[in-house]
Structures are given as C-alpha cells and as structure tokens.
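Peer 1: output the structure for:
(chains A and B)
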2 protein chains.
Amino acid sequence: MENFTHYIPTELRFGKGVTERLPEVLSRFGKNILLVYGGGSIKHNGIYDRITSQLSDNGFTLFECAGVEPNPRVSTVERGAAICKNNLIDAVLAVGGGSVIDCAKAIATAAFNDDDAWDMVLHSKPGRKSLPVITVLTMSATGSEFDNKGVISNPETKEKYSSVFSYPVVSFCDPTLTYSVPPYQTACGSADILSHAMEAYFSRTDTSEISDGIAETLMRAVIHNLPIALKEPDNYDARANLMWASSIACSGIPDYGKIYPGKTCHAIGHEFSAVYDSTHGEVLAILTPRWMRFILTKDPSVTSRFTRFARRVWDLTGEDGSGLAFHGIECLEQFLGGIGIATSFSQLGIDDRHFTEIARHADLRGRCSNSFVPLSENDVIEILRNCL
Amino acid sequence: MENFTHYIPTELRFGKGVTERLPEVLSRFGKNILLVYGGGSIKHNGIYDRITSQLSDNGFTLFECAGVEPNPRVSTVERGAAICKNNLIDAVLAVGGGSVIDCAKAIATAAFNDDDAWDMVLHSKPGRKSLPVITVLTMSATGSEFDNKGVISNPETKEKYSSVFSYPVVSFCDPTLTYSVPPYQTACGSADILSHAMEAYFSRTDTSEISDGIAETLMRAVIHNLPIALKEPDNYDARANLMWASSIACSGIPDYGKIYPGKTCHAIGHEFSAVYDSTHGEVLAILTPRWMRFILTKDPSVTSRFTRFARRVWDLTGEDGSGLAFHGIECLEQFLGGIGIATSFSQLGIDDRHFTEIARHADLRGRCSNSFVPLSENDVIEILRNCL
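Peer 2: Predicted coordinates:
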C-alpha cells in the first residue's frame, strides 16, 4: 500500500432542500456574489429563479457570468475574473455541473491573479489565493464539487488542462435538482463516474483493499441506479446514489494507497474533447471497454484484476482466467450499450484524421506510456481505431 | 436515503515515514507544544525518544501530559488544560491511540474554557474554541484521528460521555508505528473498527448503497487483515489496511444517508467501561453477536439485512432466510473466537450485579429503545445475561 494524503476541507451538504441554507452560508463571506452558470438549463427548470430571488430577498447583490461552455474556455475564465475585480466580489457561487464548477474555481483564483489566465491554468499549484467558491450541484458527474481541480480548455491551442485551484468551501448537493437532467446527460455523467471508479480500480496495487472496495461500491451504485434514473427521472434514491457516487469517485479517495494508474482513458478523453468538443462521459464510455480489451490482450498478467472486476462488480462466477476476465468486459459493454449514448466514434461522426495528434497529446504527462499497462502512441491509435 | 452533512477538515497524512514532516506542520502554530500520551508504551517502543528529539532539534519547547488512562478521565483533562493555560501552549500533540487523542481534544478545548471540565464535556457542541490538535496515531481502533469527538469518563459519577470538540488539524498515520501493538490490543482495536462498521450497517435504510458498500468493505478489510497482523505484527499492508479502516469506520461516512441506527452496542459498551474500566473493543466483541442473535430472533423483519451481511461480508451462498442470516452471525462468532480475546463476561470476571444500572444508563439518549430493533431495558439485560 502506497502513502497518500487525504485532505478535502469542503463541507458537503447533501439531501432534499439543503439549499435553503444558501443565504446563511453565503453571508459568511459578504454580500457581493458572482453567480456562475452554464447554457441556461437552470433558467428552464426554475433553479435560477429560485436561487436569485432567495438571494435578493436576503439582501445579496448578484453579478452574473453566464454561458459557461460544456468544456469551459479560458476566455470565460477571463470574463468572470474581470467581473470579480471590477465589482469587489466576495464569493463565487457556481450553480451547475462540473463544467460550471470548474470554471468558477478558475475564476475565483484568476480574481487574485494579474497574469494571463491561460498561464495561470498551466501553472497549477495547490494553496493559491482564491475567492471562496460555493457550489450548488445540478448534475452528477465530475465530482468537481468535492475536489480542488478544474479542467479548462484553450480552443486556440486545442489544449485542455486539469489545473489545481481551491476546494469549494461548501457544496450543496440536492438530488432533486438533478430530476430535470435529460437522459442523455444523465447517462454521460454516470459514464464519467463509472470511469473515475474504474481508472482508480485498474492499478497494479492489489493491497489497498479499502480503495478497491470503495471503487467496487461506486461501480455497483452506478450500474444499479443509472437504469432506474433513466426510467424514473424523479426517483430520489437513484438520483441520490448517483450524486454521492459522483462526489467520491473523483475525490481521489478510490485511489488512496495505489500506484497512480495514469487514468489513461481520461487522458485520451480530454484530448478528444479539446479537438471535437464532444461530451466527456460519452467519449469515456466508448473508449473504456476498448481500452480494457486491448490491455487484457496485450498483457495477460493483469487478468486477475479483471476477474476480480467480473466477480465483485458484475457478480459473475466461474473459474479464474481470461474467459471470466473478458466476460466482465462484455457485461460492461452490454451495460454501456443500453443507456442511450453512442457506442462508437462513427456514431458521433468522428473519423481517424486526428488520432495521431490525440495519441501524442494524451501522453504528454506519461499518462499512457506510464500507466496500468503501458501504451505506446501506436497502441493508443489502435485503441482509437477500435472505437470507430 | 436521508440527508447528511460531510465535513472532515482534518489533513490525514498516511504511510511510512510521514512523521518526518511533524516539525514543519507544528511550526505553523508556534513553538510551545503540549505532548499528550498514555501509559508509557511510546517510551518502550522508541516513538517517544524519536519524536521528542526531533522536536527539540527543531527548536520546540515540549511540555508533557503523560499517563492518559485507557478510559481517559476528566481529571486528566483538567491537568492538561492547566498546563496549556500556565505555559502559553500553541498546539496540542497527541501521540497514541484513541484514548490519548480523545483526551488531547478535550484538553485543547478546555484550555479555552474556565468552566468546570466535566460541565464542558457534558455541554457538547461543535465549533467551540480550541487549541490546534495534531495527532500521531500509534494504534488502529477508534478513529479519533479523523473525527471531532472524544469520550471522557467521570469515575465519581460512573459516567462516560462522548462529546464534540474539534477536528485534529493534521493526523499522521504511519502503520509502522503500530508494529509494536501487542496482539491483545490489536485484536481489541480491530473489534472496535468492526463494531463501528457493523453498527452503521445494521439500519432500516436499505437505499444508501454507498454507505452499505463502504461498511462491507471495512468489515472485509478487518476480517482479512487482523489474522495477518496477529501472525505477522510487522506486515505493513495488514497494518495499513487496519489503520485506514479505523479512520473511516468511525468518521460517520458509513452512516451517511441512513437512519441513525442508535449504535446500541457502543451505547451499552460505554456504560460497561464506565463501571468496569474494561477494554472497549473486547466488550464490543462479546456483546455484538449476542445483540445480533437477540434482535434477529425478536424481529425477523430484519432478516434480509442479515442475509446481505452473510453474502457480502462472509461470501456465504444459499437461499435467503433465517438459516443464512444466522450463518452470517456464526461466521462472526467464529472469527471473534479466534483472535485471542475474551468471548464472555465471565472470562473477564464480570457477573450480573450491575446489569440493571448499565441497561438503564445505556438508553439515556434512546440509543437502545430507539434503535435498529428497539430494545427495552429488560431486552438489554437479557442480552447482557447471554454474554455471561
């Protein structure tokens, strides 16, 4: 078991009606609030009206940074930071999913920074000065409400970079706010949760039993609850289990004690979104089973990890060996094929023209060549071709 | 799934050699340190010498509150608080197990309090002023390194009370520091971890899937690793899994989203230690299987929770029903019977003379009458008799 540091100072308030306490929490910091949100879904589902009137009634002055992109751009970070600097903003309130929260964290840090915003993103380090960030989560996916990271894109350089900002001070996680998330986004978000858990799980470390058990628990929770949430969008328990799973999956907790496994699919997936602006979870759902088949074929020494996956996640039985290992992957494929999202790149209109570039970029920090089963650039290209 | 709040701001540094950074962390707060420790085992195993010379070499001035009891007494809290007040202590450093850490938290809060110390213990509330508490964990058991609670005893009133103090700012958890914990204490500590996980698990809420999966993971980790640690005291991975399990088990995390199950065995167990000064984990190991048999017989509607326990913790198979449910309890009994601690009160020289008093006190906050299967005072007495 490897050394690790656990430190997540965020206060996470989870459950029905928790946002009632939003004014009380915000008033710890001041009255000038920057509200950060995305493309306007919170205007259609009533969340925007509820929160803005709740805050105006309590004497807050709201400024807005709206229109955060699904892959938030550094230009939006600059726009938000300028509002903070010009209006003596006391706290940044993110209302949305992972993209909005990522962007809000970057804005809150950029508000203390006079450098070029993309430089700030690239020069990732913990403990940077930041305005307090408070989040109201409206989609279960990236876990940004419970970590200090944010992924920001630069369309000019076609780069997407995961940078360290600050932890949200308080995150409000009300599962009922996800009732209106459409099936497609629900499925993509859940595929992201699943991928976080799986990328932690597939590691060479077999001795970190608690991390493995937690990862299995998260995978089982998604596999059980996503189909329910797709059929009954307002099933509270299904939405609640997906929401709490999303926060833990990306928190680092399922990685503790394990050799950092590289998170190859996320590395490739991020490069993909930088080029195509495609939906993160959907790309992961396409990539992951192909990556699994490829590495299990390339390096049979990882078979026992896959048979454990088959037994403890999919409740399969039978003799250890590659049969059981591949059966686990088939179960995953069958699951991902039944949740209403694409199962191949061609369904997304993506061909192989950028594969070489994506494979090269994905390995920039050794996240492919130094991973669970080390992958060369050609290996990554082959996996991508298998996704067509 | 019920609402919950997650908030554990403690920075937990886990692994081999992490205490090397102790001076760096303490120097955030100042140079006057109160070192709190127990009966002297840290003097025999070298930890005391290593830490005191490490701190003297770095210019710290150390004061000592030694001799913290296994069930720490309010008089020791008073003694430690007086040292803090008289010597302008900057931070309290607990080096030990749960008792020492509990006591250090109480001392750190009492240092800001001029009331009677027992009154302070009884008037539990979060957010009280406190000196910073830093912990170096030397025994895996109560999880006090990762929560804000402390159990303090008052031998005069024969009471034992769990009070809310502050979270440790940083907890250093180095599994190698537990190599010298003798088999008896290792087993008692592990029984405590197991009990924390089980008391969270046996609840009427079936929908909090992540909490249930985490509790199962913790139970499996103890069941797998305790026998290894007993046979090979310096098996790093076994000690590491037990240590990380201890921190999570009592953190509240396995309870999230569940109807608070009362923690009946802990309630009874605390009253027991108040009367007999017996070892917490050993009493829990005696009580728990009897409690299980009693409630499963009294209320067969909880059978499905026990069959889940049998399947997912003990890997049993077979048809659902009371046979499988009791088989799970038998597995637990067999396990607890093989770890070298007492399996009955008579082995501890305890008879029934205080049972009525213990049963009455244990229910003071409804922890028996308002629990998973509600228990009357007579029920508790019957469970206690079954332990003789």
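Peer 1: counting neighbours, what do you get for residue A:323?
Peer 2: 12 (other CB atoms under 10 Å in any protein chain shown). (C-beta placed from N, C-alpha, C; glycine too.)
Peer 1: what does residue A:57 give?
Peer 2: 9.
Peer 1: what does it show for phi and psi?
Peer 2: The phi/psi pair for residue A:57 (degrees, to the nearest 10) reads phi -60, psi -30.
Peer 1: so it versus residue A:81, what's the distance?
Peer 2: 28 Å (CB to CB, to the nearest Å).
Peer 1: what does residue A:146 give?
Peer 2: 23 Å.
Peer 1: and the contacts of stretch A:166-174?
Peer 2: A:8-19, A:21-22, A:25, A:29, A:94, A:101, A:105, A:108-109, A:128, A:130, A:132-137, A:145-148, A:243-244, A:247 (CB atoms under 8 Å, 6 or more residues apart in numbering or on different chains).
Peer 1: and chain B, which of those contact it?
Peer 2: Restricting the contacts of stretch A:166-174 to those within reach of chain B (CB under 8 Å from any CB of the partner chain) leaves A:8-18, A:244.
Peer 1: in strands, which of those residues fall?
Peer 2: Among these, the residues falling in strands (DSSP state E) are A:11-14.
Peer 1: most neighbours, which of the ones next to chain B among the contacts of stretch A:166-174?
Peer 2: residue A:244 (28 neighbours).
Peer 1: show me the contacts for the residue nearest to it when sequence neighbours are not counted.
Peer 2: In space, and not counting its chain neighbours, residue A:244 is closest to residue B:210: 5.3 Å by CB to CB, 6 or more residues apart in numbering or on different chains. Residues counted as contacts of residue B:210 (CB under 8 Å, 6+ apart) are A:217-218, A:221, A:241, A:244-245, A:248, B:256-257.
Peer 1: show me which residues of the stretch 1-150 of chain A are close to chain B?
Peer 2: So far as CB under 8 Å from any CB goes, the stretch 1-150 of chain A lies against chain B at A:1-18.
Peer 1: if I look at the most centrally placed residue in chain A, how far off is residue A:281?
Peer 2: In chain A, the residue lying closest to the centroid (CA atoms, centre = their mean) is residue A:142, at 2.0 Å. Plainly put, residue A:142 is 9 Å away from residue A:281 if you go by CB to CB.
Peer 1: overlap in contacts, those two.
Peer 2: Each of A:189, A:192 lies in contact with both residue A:142 and residue A:281 under the rule CB under 8 Å, 6+ apart.
Peer 1: would you map the strands across the stretch 151-300 of chain A?
Peer 2: Using DSSP state E, counting those that start in this stretch, the strands of the stretch 151-300 of chain A run over residues A:159-164, A:170-173.
Peer 1: next, format those as JSON lines and append mean neighbour count and mean pLDDT.
Peer 2: Shown next, in JSON lines, are these (neighbours: other CB atoms under 10 Å in any protein chain shown; pLDDT from 0 to 100):
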{"stretch": "strand A:159-164", "mean neighbour count": "19", "mean pLDDT": "87"}
{"stretch": "strand A:170-173", "mean neighbour count": "26", "mean pLDDT": "98"}
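Peer 1: select, out of those, the one closest to residue B:376.
Peer 2: strand A:170-173 (38.5 Å; CB to CB).
Peer 1: ok, residue A:223 - contacts?
Peer 2: By CB under 8 Å, 6+ apart, residue A:223 lies in contact with A:194, A:313-314, A:335.
Peer 1: what sits against the residue lying closest to residue A:200 once chain neighbours are set aside?
Peer 2: With sequence-adjacent residues excluded and distances taken as CB to CB, 6+ apart, residue A:200 is closest to residue A:254, at 3.8 Å. Going by CB under 8 Å, 6+ apart, residue A:254 touches A:196-197, A:200-201, A:211, A:214-215, A:218, A:248.
Peer 1: cool, and residue A:201?
Peer 2: A:212, A:215-216, A:219, A:254, A:305, A:309.
Peer 1: burial of the closest residue to residue A:251 other than its chain neighbours, as a residue count?
Peer 2: Once flanking residues are discounted, residue A:251 sits nearest to residue A:146: 5.0 Å by CB to CB, 6+ apart. Residue A:146 is flanked by 26 other residues according to other CB under 10 Å.
Peer 1: same thing with residue A:119?
Peer 2: Count around residue A:119 with other CB under 10 Å applied: 10.
Peer 1: can you check residue A:298 too?
Peer 2: Around residue A:298 there are 14 residues (other CB under 10 Å).
Peer 1: circling back: of the contacts of residue A:254 - the most surrounded one?
Peer 2: residue A:218 (32 neighbours).
Peer 1: ok, residue A:1 - contacts?
Peer 2: Residue A:1 touches A:205, A:207-208, A:257, B:15, B:175, B:236-237, B:240-241, B:244, counting by CB under 8 Å, 6+ apart.
Peer 1: switch to 7 Å and redo it
Peer 2: A:207-208, A:257, B:237, B:240-241 (CB atoms under 7 Å, 6 or more residues apart in numbering or on different chains).
Peer 1: same thing with residue A:180?
Peer 2: Contacts of residue A:180 (CB under 7 Å, 6+ apart): residue A:45.
Peer 1: give me the buried positions along stretch A:18-28.
Peer 2: A:18-19, A:22, A:25-26 (16 or more other CB atoms under 10 Å in any protein chain shown).
Peer 1: mind putting the contacts of residue A:1 in TSV, neighbour count, distance to residue A:41 and pLDDT included?
Peer 2: Output for those, formatted as TSV (neighbours: other CB atoms under 10 Å in any protein chain shown; distance: CB to CB, whole Å; pLDDT from 0 to 100):
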residue	neighbour count	distance to residue A:41	pLDDT
A:207	16	44	95
A:208	26	38	96
A:257	23	38	96
B:237	19	46	98
B:240	30	44	98
B:241	29	43	98
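Peer 1: can I get the residues you listed in a markdown table with distance to residue B:339?
Peer 2: A markdown table is the format used below for the contacts of residue A:1 (distance: CB to CB, whole Å):
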| residue | distance to residue B:339 |
| --- | --- |
| A:207 | 21 |
| A:208 | 23 |
| A:257 | 24 |
| B:237 | 18 |
| B:240 | 19 |
| B:241 | 16 |
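Peer 1: which of those lies closest to residue B:271?
Peer 2: The closest of those to residue B:271 turns out to be residue B:241 (CB to CB; 30.8 Å).
Peer 1: right, and the closest one touches residue B:225 too?
Peer 2: Yes: counting by CB atoms under 7 Å, residue B:225 is a contact partner of residue B:241 at 4.5 Å.
Peer 1: how far away from the center of its chain is stretch A:323-336?
Peer 2: Stretch A:323-336 has its C-alpha centroid displaced from the chain centroid by 23 Å (CA atoms, centre = their mean, to the nearest Å).
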